[in-house]
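In: predicted coordinates and the sequence they were generated for:
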Amino acid sequence: MKLLLFCRATVVMAAAGAYAAENGPILICVQHRGLVDNFIMARAQTVVNAVFSNANIRTEWLPSRRCMNAPDNVIHIEMDSTPPSHFGPETMAYAMPYRTTGVAIHVFYDRVLQDHHDMPVEVLGHVIAHEIGHVLEGVARHSTDGLMKPHWSLKDYLQMKKPRLLFAAEDVELMRLHLQRASAGSVSARSERE
């Protein structure tokens, strides 16, 4: 069973790699609604790059000055200082995977750093990667394993330190399929949060 899962994961990773090689990097813009530590943000982006690199998907971060005039295919992330009151205290971010324009991801930057002050870079990077994962999968869903779990365990947080908490093979496959449909122009827009 483990060998079969390993083989399937290898095939999925190779397919995602073929997509990334043909279609270039995923473009990301980050906007800030409050103060952020640029050093923490830069290191968190490195975590995101490593997580997606493991799935054979390249990411490219556009300078914030280019966010306003960025192309439609850019994933816009907004770092919010405080979450709206309707979100519970455990919510660190949310994505709108069916959105085709505008801000698709909101990260509650202050909450992530306050709740995870012992490893802010690792958690922030994984939170951002998780939400980008929703957008790239193009569907509101979670997995039973890996980065796309709805709630991370202590073991998952420890995995974030070394080497990284990664996408499950099914998530890599969903991202690849959605990216292929998007590049073919067959993705429909809906309004839903995850």
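Out: Noted; the coordinates are in hand. Predicted model, so just to flag it, every value in this text is computed and none were measured.
In: where does the chain have low pLDDT?
Out: Low-confidence segments of the chain (pLDDT under 70): 1-23, 185-194.
In: could I get the full set of strands for it?
Out: Under the criterion DSSP state E, strands of the chain are mapped to 26-32, 59-61, 75-80, 93-95, 103-108.
In: looking at those strands, which is nearest to residue 171?
Out: strand 93-95 (13.4 Å; CB to CB). Using the backbone N, CA and C atoms, a C-beta is placed for each residue, glycine as well.
In: which helices and strands does that closest one pack with?
Out: Strand 93-95 is packed against strand 103-108, helix 120-137, with contacts defined by 3 or more CB pairs under 8 Å, 6 or more residues apart in numbering; DSSP states H and E.
In: ok, and what's touching stretch 25-40?
Out: 41, 48, 52, 57-62, 64, 66-67, 70-71, 73-82, 103, 109-110, 113, 120-121, 124, 132, 136 (CB atoms under 8 Å, 6 or more residues apart in numbering).
In: for the helices and strands packed on strand 93-95, which one ends up most surrounded?
Out: Mean neighbour count, computed with mean count of other CB atoms under 10 Å, is highest for helix 120-137 among those, reaching a mean of 25.
In: report the angle between that one and strand 75-80.
Out: Using axes from the mean of the first three to the mean of the last three CA atoms, to 10 degrees, the direction of helix 120-137 lies 140 degrees away from that of strand 75-80.
In: helix 120-137 packs against which elements?
Out: strand 26-32, helix 38-54, strand 75-80, strand 93-95, strand 103-108, helix 109-115, helix 154-161, helix 169-184.
In: would TSV of those with distance to residue 142 be doable?
Out: TSV is the format used below for these (distance: least, CB to CB, whole Å):
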stretch	distance to residue 142
strand 26-32	20
helix 38-54	16
strand 75-80	19
strand 93-95	11
strand 103-108	16
helix 109-115	18
helix 154-161	13
helix 169-184	9
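In: nearest approach to residue 141 belongs to which of those?
Out: helix 169-184 (7.9 Å).
In: helices or strands next to the closest one in the packing?
Out: helix 2-23, helix 120-137.
In: so what's the gap between the shortest one and the chain middle?
Out: Averaged C-alpha coordinates place helix 120-137 at 4 Å from its chain's average position (CA atoms, centre = their mean, to the nearest Å).
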